[in-house]
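Engineer: Fold the stuff below for me.
(chains A and B)
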There are 2 protein chains.
Amino acid sequence: MSVLIKDVQLDGRTTSIYVEGNRIAAIGEKARTEADIVIDGKAKAAVPGFVNTHTHAAMALLRSYADDLPLQTWLEKAIWPREAKIEPEDIYWGTKLACLEMIKGGTTCFNDMYFHMDQAARAVKEMGLRAVLSEGFIDMRDPDLGQQLLKKQQSVLRKIEGVGTDRVRAALGPHAIYTVSKESLLAMKDLSDKKGYLVHVHLGETRREVEDCVTEQGMRPAKYLDSIGFLSHQVLAAHGCWLEAEEVDLLARHGVKVSHCPTSNMKLAAGRAMPLKALLEAGVLVSLGTDGPASNNNLDMLESMKFAALLQKFASDDATVAPAAQVFEMATLGGARALGVDAGLIEEGRLADIALVDLRRPEMTPAHDLTSLLVYSAHGNVVDTVICDGQVLMKGRKVPGEAEIVRKAAEAGRELVSRE
Amino acid sequence: MSVLIKDVQLDGRTTSIYVEGNRIAAIGEKARTEADIVIDGKAKAAVPGFVNTHTHAAMALLRSYADDLPLQTWLEKAIWPREAKIEPEDIYWGTKLACLEMIKGGTTCFNDMYFHMDQAARAVKEMGLRAVLSEGFIDMRDPDLGQQLLKKQQSVLRKIEGVGTDRVRAALGPHAIYTVSKESLLAMKDLSDKKGYLVHVHLGETRREVEDCVTEQGMRPAKYLDSIGFLSHQVLAAHGCWLEAEEVDLLARHGVKVSHCPTSNMKLAAGRAMPLKALLEAGVLVSLGTDGPASNNNLDMLESMKFAALLQKFASDDATVAPAAQVFEMATLGGARALGVDAGLIEEGRLADIALVDLRRPEMTPAHDLTSLLVYSAHGNVVDTVICDGQVLMKGRKVPGEAEIVRKAAEAGRELVSRE
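Structural biologist: Residues are numbered from 1 along each chain as shown, chains lettered A, B, ... in the order given. From the prediction side, this is the model:
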């Protein structure tokens, strides 16, 4: 199977991109002139597909269900009671809906933590995206419960792996230090060391998390995780709003990756912006996440790029912080590196995860600087065509089966919030 | 001329909206069943057209030209040198582009300050929007220069008024206290009192503005404007990031309106969020602006609603601040009231400024709460149809003449930044 994108803008020049199988085989004069699928790239720019490194995709079903609440109230009164009623089929339709939304916004890969993740794996496989999936692990800091849940976690790992596509990878999902016992955290770390699993965890999201940790452990969250031997280069920590200098150093030393989720942090009033500048200066790999669509409330990585750039400027009182090119790299190559996926750049040999952006829209005019337009002017809907793993998932903004997914997910959402 | 919108969602029920001339004539059973134009409202919701109360529309030509710079550098090194080269025809095409973008995002009315505003008036008239237009007035605090410019200002007022449509209104545009002499400010106030003109001014945007005012006048900006007798209910002040309690009281007492521009304030690192809660508690009418598309960089009021809600939550450390319904009202009825336009609500007798939103999109699913979806999930591109002053400006996301406007504005933008 081959795809040829003709006459497309790439890094400021007009060229062709030739895809063979799931890789970019040639760019420019070396590109073949025929292919199984030929796409007219005129008035379009090719950019790497976006990589969303922190979300809870199926929470799309709870989008717009409960907003403008404090984090704890939102969780305890609105989200958790509904999540307690979630059925596997809900996860399937919620993830389908989220994948559809991601494709329509140029996202080709995401790092997801939620429940019934075998159903998510099924949805992702069908939708054609790339994803790293972890079953959210919460033992309420009860090591005995943790033992039982670890067995369940391993069974889900096998089911995810059993879905049978290289696009879907299983990972470990210890939720956070305040919901997972030390014993379970270490069991996951051990499994990660042995089998190479990514460990997806929330870290330093709220003031309360920090305060409770200091009270109980006598140290801040990252230091606590270091003290028990949990940190490694396999760990991807989401949020990091409250990281202090000493914690930044610990994350850098262990090669921990951080996912910045500015939109969610602002919406839920996390109280502080992730220290981007300090993390980058320390050499930490920072990528970008939307967080779940109930706390954002969308999965639009272009919007999240703007929130990242603007929050960092605002919080540091400096308009030069988080320039467009830096944020764009966080959302593409940074995410790909964080998840160990050989994408994030359009170059020969890389995985063919590509978005084509429509340049003839009013908000993309004039074209003084494409990166600036994508970060500051555009939203996901400027994406016209999406290719993931060499497969064309969207063309002319049309995704096969879209209407049915929207209808079924709308039903599932209605049913979920009214379930007794 | 009549328009019938059939089977549309309005405030949670399915109904019909009948427009006769430029007003909403009937809703529900009283609506006629035939009209000159019949629009199928199925799977769409009707909302008031958005009102953008602070922008510099033609700056669209400088979108993506210079970003990630401190405000003064951005103005002095990038924007002002280019603005010095702006030709009247640039303003025409820049405003056409901005109007096109606004229509595509459901905005039906805007408050604009820039240069060569007779050209802006021509563009707005053609595009079918409603606008309040003011020639930006900057005498560099030289009262003699002010005298000359006032004559020019009055000539532009007459030209704007001469454009001959009720949709376009002229206003006065004294730029800010640091660029306009006291004498000119008072001359404008006088003209406003006599002729009823709105006075569009920047106020309390940057720390430097406040510091300089305190140094030179011994008081903060709003207090200074009060001390010279400038404040009135005809004044619309943009930004207000640095307003202190005493200033909020002064604005409330005089009935000054405030336009919140959260996206621009974050992008240019204004240093502080406008005190929304204090302003609302004092009874100040607060509306929403995008600011110009070179400092935002778009004109998407749905995005600005999200930035407003999230910035206010983040800055006040409270997720319950600026709930969706409040921000939605700022962007619709608040703006209409601020500009003295009888729109902002869909009810019988009001001006027919209406946007129809497509409900079958993934980011609009599930529909637990329409206002939440519009504020937190959606962008302007969910708008399918726009009616302004009873005229259908966009249907099925198509605006007549779109391709030519994008092409001409792209040319004008390229030419502007390369002009010697």
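Engineer: drop to CA atoms for contacts and neighbour counts, all remaining ones
Structural biologist: Noted.
Engineer: What parts of the stretch 201-350 of chain A come near chain B?
Structural biologist: Residues of the stretch 201-350 of chain A that fall close to chain B, judged by C-alpha under 8 Å from any C-alpha of the partner chain: A:263, A:265-272, A:296-298, A:309-311, A:313-324.
Engineer: next SSE after the worst-scoring helix or strand of chain A on mean pLDDT?
Structural biologist: Least confident helix or strand of chain A, by mean pLDDT, DSSP states H and E, is helix A:71-73 with a mean of 86. The helix or strand immediately downstream of helix A:71-73 is helix A:80-83, counting by DSSP states H and E.
Engineer: which is the next helix or strand following that next one?
Structural biologist: Downstream of helix A:80-83, the next assigned helix or strand under DSSP H and E is helix A:88-104.
Engineer: close to chain B, is the following helix or strand past that following helix?
Structural biologist: The helix or strand immediately downstream of helix A:88-104 is strand A:107-114, counting by DSSP H and E. No: residues of strand A:107-114 are not located near chain B by C-alpha under 8 Å from any C-alpha, the shortest gap being 14.0 Å.
Engineer: Need the mean per-residue confidence for strand A:107-114.
Structural biologist: Averaging pLDDT along strand A:107-114 gives 98.
Engineer: Quick check: the gap between A:Ala176 and chain B.
Structural biologist: 21 Å (C-alpha to the nearest C-alpha, to the nearest Å).
Engineer: How about that residue: what's its closest non-neighbour residue?
Structural biologist: Nearest residue to A:Ala176, sequence neighbours excluded (C-alpha to C-alpha, 6 or more residues apart in numbering or on different chains): A:His202, at 5.0 Å.
Engineer: Can I get the strand or helix carrying that neighbour in PDB? Just the C-alpha atoms.
Structural biologist: According to DSSP H and E, A:His202 maps onto strand A:199-203. What follows is strand A:199-203, C-alpha atoms only, in PDB (Å, rounded to 0.1, in the frame of the first residue of the first chain):
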ATOM      1  CA  VAL A 199       4.300   4.000  33.500                       C
ATOM      2  CA  HIS A 200       1.600   6.800  33.200                       C
ATOM      3  CA  VAL A 201       1.000   8.600  36.400                       C
ATOM      4  CA  HIS A 202      -0.500  11.900  37.700                       C
ATOM      5  CA  LEU A 203       2.100  14.000  39.600                       C
END
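Engineer: any residues touching whichever helix or strand comes after that strand, and which ones?
Structural biologist: Scanning forward in sequence from strand A:199-203, with DSSP H and E defining helices and strands, the next element found is helix A:207-217. With contact meaning C-alpha atoms under 8 Å, 6 or more residues apart in numbering or on different chains, helix A:207-217 is reached by A:Tyr178, A:Gly204, A:Met219, A:Arg220, A:Pro221, A:Tyr224, A:Trp242, A:Ala270, A:Gly271.
Engineer: make it 6 Å
Structural biologist: For helix A:207-217, the surrounding residues in contact (C-alpha atoms under 6 Å, 6 or more residues apart in numbering or on different chains) are A:Arg220.
Engineer: so after it, what's the next helix or strand?
Structural biologist: Moving toward the C-terminus from helix A:207-217, the next element (DSSP H and E) is helix A:221-227.
Engineer: in that following helix, what's buried?
Structural biologist: Buried residues in helix A:221-227, counting neighbours by 16 or more other C-alpha atoms under 10 Å in any protein chain shown, are found at A:Pro221, A:Ala222, A:Lys223, A:Tyr224, A:Leu225.
Engineer: next one: stretch A:115-122
Structural biologist: By neighbour count, with 16+ other C-alpha under 10 Å as the criterion, the buried positions of stretch A:115-122 are A:Phe115, A:His116, A:Met117, A:Asp118, A:Gln119, A:Ala120, A:Ala121, A:Arg122.
Engineer: Got the phi and psi for the closest residue to the first one other than its chain neighbours?
Structural biologist: Spatial nearest neighbour of A:Phe115, excluding adjacent residues (C-alpha to C-alpha, 6+ apart): A:Glu135 at 5.3 Å. Reported as degrees, to the nearest 10, the phi and psi values for A:Glu135 are phi -70, psi 120.
Engineer: Assess the claim that A:Glu135 and A:His175 are in contact.
Structural biologist: No: at 9.1 Å, A:Glu135 and A:His175 do not qualify as touching, with contact defined as C-alpha atoms under 6 Å.
Engineer: Neighbour count: those two, which is higher?
Structural biologist: Set A:Glu135 next to A:His175 and count neighbours by other C-alpha atoms under 10 Å in any protein chain shown: A:Glu135 wins out with 26 against 23.
Engineer: What pLDDT does the model give that one?
Structural biologist: For A:Glu135, the model assigns a pLDDT of 97.
Engineer: Mind telling me what element A:Ala170 is part of?
Structural biologist: With DSSP H and E as the test, A:Ala170 turns up in strand A:168-174.
Engineer: contacting residues around stretch A:218-231?
Structural biologist: Contacting residues not belonging to stretch A:218-231 are listed as A:Lys189, A:Val210, A:Cys213, A:Val214, A:Glu247 [C-alpha under 6 Å, 6+ apart].
Engineer: no, scratch that, I was asking about stretch A:27-36
Structural biologist: Stretch A:27-36 is contacted by residues A:Ser2, A:Val3, A:Leu4, A:Thr15, A:Ser16, A:Ile17, A:Tyr18 when judged by C-alpha under 6 Å, 6+ apart.
Engineer: If you count contacts, what does the helix or strand A:Val3 falls within end up packed against?
Structural biologist: According to DSSP H and E, A:Val3 maps onto strand A:2-10. For strand A:2-10, the helices and strands in contact under the criterion 3 or more C-alpha pairs under 6 Å, 6 or more residues apart in numbering or on different chains; DSSP states H and E are strand A:13-20, strand A:37-40, strand A:44-48.
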